[in-house]
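Trainee: Got a sequence here, can you build the structure:
(chains A and B)
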Amino acid sequence: MELFKALNLFNQGKYEDCATICTNLLKKNPLNQVQTVWVLKMRALTLQIYVDDIEGEEEGIAESLLDNYTISSMPRPGTSLKNPGTSFTGQYLRPKTQSGRPLTGVVRPATQSAMSQSIEQTLKTPRTAMTARPITASSSRSVRLGTASMLTEPGGPFIQLSRLNISKYASQPCIAKPLFEYIYYHEHDVRYALDLAVQATQVCQYKDWWWKVQLGKCYYSLGLIRDAEQQFKSALKDSKTIEVILRLIRVYVRLDQPLTALETCKKGLEYFSNDVNILTEMGRIFDSLNNMSMSLKYYKIIAQEDASHTEAIASIGIHHFYNDQPELALRYYRRLLQMGVYNAELFNNLGLCCFYAQQYDHVISCFERAISLSTDETMADIWYNVSHIALTVGDITMAEECLKLAIVSDNRYALAYNNLGVIQIRNGNITAARTYFHAAANIANFLYEPHFNSAYLAYKVGDLQTSYIAVQKSLSTYPNHADSKTLLNKLERYFTYM
Amino acid sequence: MAAFSLNIQKHIESGLVTSGKFDGSHACLVAATYGGNILVHSPHRQPQITSHDHEQSDRKLSWSGELAELHIGTEITALCTGRLNDDERDILLIGTASHVLAYNIEDNSDSFYKEMSDGARYIMIGKLSWLPNQVAIIGGNSSVTILDSQGAEIFWTVVGGTVTSLAIFDFDGDDENELITGTKESEIKVYKKDNLLWETKETASINTLTGLPNRRFVYSVGNGTLGVYEMAQRLWRVKSKHRVVVTRSFDLNGDGTPEVITGWNNGKVDARSFNNGEVIFKIQLSAGIAGIVEADYRRIGKSDLIVVSSAGEVRGYSSSSTMDTPEPGEIMRDLLAKKQVLQMELRQRGASVPNMYHGTKLAVSLMTSNGAARVALASGPGLFIHCAIVFTEGVFEGETLVVHPNRPRGELEIELRPPKNAPVDMYVKVCVGPAGADLLQVFEMTRQLPRFCMYQIIERPEQITEDFTKNSVTAEFTERLQRIALWLNQNLVLPEEFEIKENKPNNEGIEIWLRGMRDNKIHCFMANSTGKITIQTEDIIFAGDIVQSLSLYLGLRELSSEVSFPAEEKKMLDALERVKELKEIDIRLQAEAANDTALLKNLIIRLEDARILENIDDMRKRLVQLKNVNADLIREHEIRMKSYKELTANLKQLNLGVQHAARLRVGKSASNTVAQCRAAIQDENSKALVLAIRHG
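Mentor: The predicted model follows:
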C-alpha cells in the first residue's frame, strides 16, 4: 500500500513526498528485498532536479579562458565564433551587454563569455553584481542548477558513492540507467557516472545507444570534447534522436567549427524536418557569425513552425529594431506581450520601439512599467535608455540625472560613464569628461566608444600621443569604425610633419 | 639559382612538410613545428591586420603572404594533403599518435576525426586500382588502414613492423596503382588488393619511398643508402654517411624526364638522373632539410620545387632553372675511367706474369656447420690465399668483410651469419698467389646464399618432447615430391643432393630434421606422397618463411592450412586480455586526469582573482594547493604513459601475431585470416581469434 502511494505520488510529480515514503520503507526493510523502492527513491530524487542541461549550458570562466579546442588561430572570415574580428559581414556592430556579450534577442546558453584577451579582463568584467559567472562548467552545474545537492540529508547521503559496487549494478540494465541519472544529475559526480557508463556499455556489448549518449555527456562535462564527439556520432549511427544531434552541435560550437555544426544541423533536419530545436541552433550559430540575414531566415522558419517561440520572435524583433524598422519590431514585441511575457526587459524594448516609431504617448508609460517591474539587474539599463530619450528630446539635465541614476544602480555601467563624459564636454568640463571616458574604458575595454571619445578629446586639446594610443584601441575593438580611421589618418599626417 | 627564397624563422619538424590548394586554386605550404602546431603559409594572401597583437609577428616577416597557425595540441606524426571527394579543395590530414584528423582549412571544419589505435606514422592520399574512389591510406604500428572520405574504414591489413613510408604507383605496368609500404624492420612490400606482389629486405629501416614513372621507385634507408628499383630489379644505389629525409621526383632541368630529388639531414639537396644516379645538381642549405614539395607557389602556371629546411628557410626552384653542375659531366667521367684502365694495363704489361698462374684453380664450397653457414675456399696447386673480400648486404656490419690471414694460407673458411631467412647475394674477391709474391691473381665470383642456410640438417633426435609435436602447420600443396625435393636442394645447404627415386613405387615421403643455428631449436619438415606438408616447429616465423618460400617456388596462388601453435595462441590471448584491461584502465585514468584538470583550472582562476585583489594570503594558499594538484597530475601522467606504452606494445604484439598467422597461408586464405583476426580483436572475442588463427 505504501509503495502504491509512493508510486502514485511519483506519477503526480510530488517527488518530495514520494521520496519521504520511500525513505520510511527503506528503513523498515533491508535493501536487497526492496530494490524497487530503492530505484523509485532514486528516480524521485533525480527528477526533483532534472534540468534541461542543453539549454542551461554555461561556459565557465576557466573554460573560456584556459581551454583551447580551437584548431585555427586565424580562420577565414565567417568560419569562426571565437574571433569576432574576422567575421564582420553583418549590418554593423550591435551594442554589447555589461559582460561583453553581444546583444541578442534572448539570453542564450553558453554566450555569457566575452571574448577577452587578458586574464585580468576576463576576471574583471563578469565580476559585477549581476553576472556571477561560474568558475568552471563542472562546478557551475552543481552549484547553480542542482541546488538539491546542497541540502544535507538526515542520516547521511542516500547513496554512498564510494561504497557502491559499480560493476554489480552495471550488469543490471534496469537499475544501471536510473542509477546513472542519479549519480549524474543528483550527485554531480561525473567520474563515478563515467565509470558506471563504461561498464554498462560493455555489458550490453556497445549496442545500446543510450549509454553512448551518457558516455558522451560525461566526456563533455569533463572537457574531453573529442571523446564526446565520437560517442555522440556513434550513438547517432544507432539511433537518430534530436537530443544527440543538439549535443553534437554543441560539441562543434565548443570546438569553434560553426560550419561543421551547421552541416550537422542540416543532416539532422533531413531526419527531423523543420524541427524547431535544430532550427534554433542554426539561427543562433548564424547570429554568432554575424550573418544576420541567414539567422533571420531561420528564425522566421521557426516562427512559422511554432508561432509562440519566444526566442524566434524576440530575435526577429531585435533585428528589425537595429535595422531601423521600429514599427515592425513593435509588432513582434507586442506579440510577446500577448503571449504573456510581462517583464521589465520587454517593456523597456517596447518603450524604445515606441519612441523610434514616434508613438510618444506610449513611451513614458512603457518605461514607467519597466521601472516598476525591474530588478536590480535591469534597473541600470532602463535608466540608461530613459537618459537616451531625454538626450534625444534635448533635456540634457534630465539625461544627466538619469545616467547618474543608472550609475547608482550599477556603478560599473560603462556606457553611462561614457555618455556622462559626452555631456561634460558639452558643458565644457574637459577634465571631468576625460575622467569619465577613462573610467568607462577601464571598466569595459570591449567598447570602442569611450576609446574614440577620449582620443577625440585628447586630439582637441592637442595631446596627440594619448590620442594616438586611444584611437588604436578603438580600432582594435571595431576595425571598421570610420571616425576612428579618419582621426588616425589625421594623427598620422601630423606625425609625418614632425 | 633559387627562384625565390624566404624565411619562416620557426623550427620545422623534419619530414612533416606538404603543400595543398585549400581554396581549390592557390597553393599553400603546410609544415609542422614544435608542440603540435602547424604553420600554413598562403603566399597569395595579404597578412590579416592589424591589431597590436599581430604587429610584432608581422614585422618579422619580410615577405608578403599570410602565415596562419593551427593548434593540434599533441605531437604530429604525419601530414598529408589531398582530395577525397569531388570537392576541388584539398583537405589536410593530420596524424597523431592516436588519431587522424581530416581538416578543411578554408572552412575551419573537420571532415572526420578518427581514432587509430595503431597510430598514424605515415598518411597518403591516392587512388588504388581496386578501389573506386580516392582514399586515405594510413600506416601505423604494424598495420595499414585505408579510410574513405567519411573516415570509415574500408580495408585493414598487417605489415610486419612500424610503417615508415608509403607510396602509390604503378608497380607492375598495368596502368593501375599499387600500394607499396616500407617499414622500420627494413622491408619493402608491394600490395595489390589483398595480394602481396613482391617483397624485399633492405639493410636498414626504410626512410622514404617515392614512386617514379616507368614502374620505378626510389627508396632510401636509415644507413644513408639511396637507390632506385625498376619492377623488382635494382637499377642503382649510392651510400652516404648522412641520412635521407625526403625523396621526390621533379623535372628540375626541364628536359622532360623527372629527376630524383633528395633532401639530406645535413642540409644537402641533390638531383640525380634516375637512370644511373648521376648527380646533376646540388645545393647546400645551412640547416638540415625538413621537406621538399612541389607547388605552383608563385602562380606562374607551373610547379616549382620548394625546399624547406628545419630552421624555417624556404627556397623555390623553377622547373627549368639552368644550373651550373659542379660535377664533371658524364663523358668526362667515362674518359677518366678509360684512362685509368689503360694505365693499369700498361703497368701490368710491364711486369712479367709468371706462368705459374696459368691453370690455377680456386675451389669454393658452401656448407653449414658449427653454428654458421660457411664459405670454404681452397686455392690450386702451390698457391695461397692472401686475402678475401666478401661483400653481402645485411650480413656483416658495414656490408663488407675483408679476411686477411696473417700468413697466406691454402684454405680459408669464412663464417656467415645472415640474421634473416632471405636469399642473399654474395660477391667474393679472392687474391691468390704464391707465398711472398707481390703480384696476385684475383678471382671474382658471385654466389647466392640459400634462404635457409642457417639451418643444419640433423638426424632424427632420440627424444622428442610432447610439446614439440603439438606445434604444427599442415597444408595441402598437392605437388609431386620431386619438386619439393628440388626446392629443398635450392633453399638448404645440404651435404649431398636430396633425391627422390622416380621409380620407387611406395615411397613414404620426406622427413627432414633441422637445427636452427641462431637459437639451436629443432624443426621438422615432412611431406607425404600426396603433397601434404607438415612442419613441426616451435617457431611460427620459421614456419611462415617456409610456407611462403615454398609456395613462391611452386607458383601457388592459394593455400590454406591448419595451424596449431599453443604457445603462440596463448601469447596472443594474453595480449588480447591485457589490451582489454589496459583500455579500461586508460578510460579511468583519462577521467581522473580530466577531473584534476578542472580542479587545476579552478585554482588558477582563483589565484588570479586573488592576485588582482592583491590578497597575498589567499594567493599563497592557492599556490600551495596548485603545487599539490600539479604533483598529482604529473604522477598520474606518468602512470598513464606507462600504461599507454604497454597498450601499444600489446597491440603491436597482437598485430604481429596476426601477421604470422597470415604468413602460414597464401592468397585469399591469408587475407581472410587477417580480416577474421581483426574482427575478433575488435570484438575482444578470444574464441574467434583462436579459430581464426587455427583454421584461417
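Trainee: how deep is B:Glu608 tucked in, by neighbour count?
Mentor: Residue neighbour count, defined by other C-beta atoms under 10 Å in any protein chain shown, stands at 19 for B:Glu608. All C-beta atoms are positioned from the backbone trio N, CA, C, and that covers glycine.
Trainee: repeat for A:Glu229
Mentor: That count, for A:Glu229 with other C-beta under 10 Å as the rule, works out to 22.
Trainee: For the stretch 301-450 of chain B, just list every one of the strands.
Mentor: Counting by DSSP state E, counting those that start in this stretch, the stretch 301-450 of chain B has strands at residues B:304-309, B:313-318, B:362-369, B:372-379, B:384-392, B:400-403, B:411-416, B:424-433, B:441-449.
Trainee: Disregarding residues adjacent in the polypeptide, which is nearest to B:Ser111?
Mentor: The shortest distance from B:Ser111 to any residue that is not its chain neighbour, by C-beta to C-beta, 6 or more residues apart in numbering or on different chains, is 3.8 Å, and that residue is B:Ala102.
Trainee: Let me fix that, I meant to ask about A:Phe272.
Mentor: Nearest to A:Phe272 is A:Ile242, by C-beta to C-beta, 6+ apart, at 5.7 Å.
Trainee: So the one you found versus B:Val30, what's the distance?
Mentor: Taken as C-beta to C-beta, to the nearest Å, the spacing of A:Ile242 relative to B:Val30 amounts to 38 Å.
Trainee: on that earlier part again, for my notes, please list the strands of the stretch 301-450 of chain B in TSV and give distance to chain A, mean neighbour count and mean pLDDT for each entry.
Mentor: Converted to TSV, the strands of the stretch 301-450 of chain B look like this (distance: least, C-beta to the nearest C-beta, whole Å; neighbours: other C-beta atoms under 10 Å in any protein chain shown; pLDDT from 0 to 100):
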stretch	distance to chain A	mean neighbour count	mean pLDDT
strand B:304-309	20	24	90
strand B:313-318	19	22	86
strand B:362-369	53	15	78
strand B:372-379	52	20	81
strand B:384-392	50	20	84
strand B:400-403	51	15	85
strand B:411-416	52	16	82
strand B:424-433	48	19	83
strand B:441-449	51	14	82
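Trainee: and the host helix or strand of B:Lys652, how far out from the chain's middle?
Mentor: Using DSSP states H and E, B:Lys652 maps to helix B:616-663. Between the centre of helix B:616-663 and the centre of its chain there are 29 Å (C-alpha atoms, centre = their mean, to the nearest Å).
Trainee: So is that helix next to chain A?
Mentor: No: contact of helix B:616-663 with chain A is not found when judged by C-beta under 8 Å from any C-beta of the partner chain; the minimum separation is 12.2 Å.
Trainee: right, and the helix or strand after that helix?
Mentor: helix B:668-683.
Trainee: Let me know the angle separating that next one from helix B:616-663.
Mentor: Note on geometry: by axes from the mean of the first three to the mean of the last three C-alpha atoms, to 10 degrees, helix B:668-683 and helix B:616-663 are set 150 degrees apart in direction.
Trainee: Tell me where the stretch 351-498 of chain A has helices.
Mentor: A:360-373, A:376-393, A:396-409, A:414-427, A:430-443, A:449-461, A:464-477, A:482-497 (DSSP state H, counting those that start in this stretch).
Trainee: what's the closest of these to B:Asn628?
Mentor: In terms of C-beta to C-beta, the element of the helices of the stretch 351-498 of chain A nearest to B:Asn628 is helix A:430-443, at 35.7 Å.
Trainee: Just the C-alpha atoms of that closest one, please, in PDB.
Mentor: Backbone C-alpha positions of helix A:430-443 (Å, rounded to 0.1, in the frame of the first residue of the first chain) are rendered in PDB as follows:
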ATOM      1  CA  ILE A 430      37.100  68.800 -20.100                       C
ATOM      2  CA  THR A 431      38.800  67.200 -17.100                       C
ATOM      3  CA  ALA A 432      35.600  65.700 -15.800                       C
ATOM      4  CA  ALA A 433      34.900  64.300 -19.300                       C
ATOM      5  CA  ARG A 434      38.300  62.800 -19.500                       C
ATOM      6  CA  THR A 435      37.900  61.100 -16.200                       C
ATOM      7  CA  TYR A 436      34.500  59.700 -17.200                       C
ATOM      8  CA  PHE A 437      35.900  58.300 -20.500                       C
ATOM      9  CA  HIS A 438      38.900  56.700 -18.700                       C
ATOM     10  CA  ALA A 439      36.500  55.100 -16.200                       C
ATOM     11  CA  ALA A 440      34.400  53.700 -19.000                       C
ATOM     12  CA  ALA A 441      37.400  52.400 -20.900                       C
ATOM     13  CA  ASN A 442      38.700  50.800 -17.800                       C
ATOM     14  CA  ILE A 443      35.500  49.000 -17.000                       C
END
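Trainee: quick one, it and helix A:449-461 angle?
Mentor: Computed by the same axes, to 10 degrees, the angle separating helix A:430-443 from helix A:449-461 equals 150 degrees.
Trainee: In helix A:430-443, which residues are buried?
Mentor: Buried positions in helix A:430-443, judged by neighbour count with 16 or more other C-beta atoms under 10 Å in any protein chain shown: A:Ala433, A:Arg434, A:Thr435, A:Tyr436, A:Phe437, A:Ala439, A:Ala440, A:Ala441, A:Ile443.
Trainee: any idea how far chain B is from the last one?
Mentor: A:Ile443 is 14 Å from chain B, where distance means C-beta to the nearest C-beta, to the nearest Å.
Trainee: Correct me if wrong: the residue nearest to B:Ser111 contacts B:Ile138.
Mentor: No: distance between B:Ala102 and B:Ile138: 10.8 Å, which falls outside the contact criterion (C-beta atoms under 8 Å).
Trainee: Looking at the two, which is more packed in?
Mentor: Higher neighbour count among B:Ala102 and B:Ile138: B:Ile138, with 28 against 24, using other C-beta under 10 Å.
Trainee: How about the secondary structure of the more buried one?
Mentor: Recorded secondary structure, B:Ile138: strand (DSSP: H, G, I helix; E, B strand; the rest coil).
Trainee: Any idea what it is bridged to?
Mentor: Partner residues in beta bridges with B:Ile138, using DSSP bridges, are B:Ile123, B:Thr145.
Trainee: How about the contacts made by it?
Mentor: If a contact means C-beta atoms under 8 Å, 6 or more residues apart in numbering or on different chains, then B:Ile138 has B:Ala78, B:Gly95, B:Val100, B:Met116, B:Ala120, B:Tyr122, B:Ile123, B:Val144, B:Thr145, B:Ile146, B:Leu147 as its contacts.
Trainee: got it, and A:Asn453?
Mentor: For A:Asn453, counting by C-beta under 8 Å, 6+ apart, the contacting residues are A:Asn418, A:Gly421, A:Val422, A:Ala433, A:Phe437.
Trainee: Contact distance from chain A - what residues of chain B qualify?
Mentor: B:48, B:50-53, B:66, B:68-73, B:99, B:103, B:105-110, B:113, B:115, B:584, B:587-588, B:590-592, B:594-595, B:597-598, B:601-602, B:604-606, B:608-609, B:612.
Trainee: Quick check: pLDDT value at the residue in the stretch 401-550 of chain B that chain A sits nearest to.
Mentor: Scanning the stretch 401-550 of chain B for the residue nearest chain A gives B:Ile540, at 31.1 Å (criterion: C-beta to the nearest C-beta). According to the model's per-residue confidence, B:Ile540 sits at a pLDDT of 86.
Trainee: how far does stretch A:284-301 sit from the chain's center?
Mentor: Using C-alpha atoms, centre = their mean, the distance from the centre of stretch A:284-301 to the centre of the chain it belongs to is 16 Å.
Trainee: One more: stretch A:287-302?
Mentor: Taking mean C-alpha positions (C-alpha atoms, centre = their mean), stretch A:287-302 and its chain are 17 Å apart.
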